[in-house]
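Novice: quick one, fold the following:
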Amino acid sequence: MTKTLTVVDHPLIEHKLTLMREKTASTASFRRLLREISMLLAYEVLRDLKMETVEIETPVAPMQARQIQGKKVCFVSVLRAGDGLLQGLLDLVPVARVGHIGLYRDPKTLQPVSYYNKLPDNMGERTTVVVDPMLATGGSAAAAVSEVKKAGAKDVRFLALVSAPEGYETFHAAHPDVPVYTAAMDERLNEKGYIVPGLGDAGDRLFGTK
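Specialist: Model prediction:
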């Protein structure tokens, strides 16, 4: 673990990730497990949300209690696989605003190109969590975070399910101020840019397209 990298190694997360890695896992199972893991990861990603004290009344007595300050959380899904993590986060924080960023890799330059960008207003006031299941080469993740920063976001975190060391290094070089949270740091990338051992193409497994 470094200052900007947190590997969330809770037993429940590790167990569910093991089930997802199995190549025989069904689409329905993969989708359900990803949603469950995203809820568990959210506890760590949102650990330092600002709180405020309010007056409430329980069935027994009035009291001062703490609650999250305002409704300033934003989840940004990197299309398309990011939507798998997004659903669990919204189960936990249903009042959050949601943004989407679509990226593809230019076949000539191999650089990420944005084809879709829809973000909430007032990004500078929001705690923004950018989500994508796989932090592989790091190019798309870095580009997505650049997009939210252009929109004014200042408090930005990146959440991935599985990461590769190469991807983290690329991302960190581009955004040293953005903390990365992941359930696993795997061994390496292969020649095709897939994480090893990884879990394959998260989008295809999530949506049953391959």
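Novice: quick one: the strands in this structure, in order.
Specialist: Using DSSP state E, the strands of the chain run over 5-7, 51-57, 62-68, 73-79, 97-105, 112-118, 127-131, 134-135, 155-163, 180-185, 188-189, 195-196.
Novice: same list, those strands, but as CSV with distance to residue 203 please.
Specialist: C-beta: built from backbone N, CA, C; applies to glycine. CSV is the format used below for the strands of the chain (distance: least, C-beta to C-beta, whole Å):
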stretch, distance to residue 203
strand 5-7, 23
strand 51-57, 36
strand 62-68, 31
strand 73-79, 9
strand 97-105, 12
strand 112-118, 15
strand 127-131, 13
strand 134-135, 9
strand 155-163, 12
strand 180-185, 17
strand 188-189, 17
strand 195-196, 13
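Novice: residue 13: which of the ones you listed is closest?
Specialist: strand 180-185 (5.1 Å; C-beta to C-beta).
Novice: one step back: figure out which of the strands of the chain is closest to residue 31.
Specialist: strand 155-163 (12.6 Å).
Novice: returning to what we had before: TSV for the strands of the chain, including mean pLDDT?
Specialist: Below are the strands of the chain laid out as TSV (pLDDT from 0 to 100):
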stretch	mean pLDDT
strand 5-7	96
strand 51-57	94
strand 62-68	94
strand 73-79	95
strand 97-105	90
strand 112-118	89
strand 127-131	96
strand 134-135	94
strand 155-163	96
strand 180-185	97
strand 188-189	93
strand 195-196	94
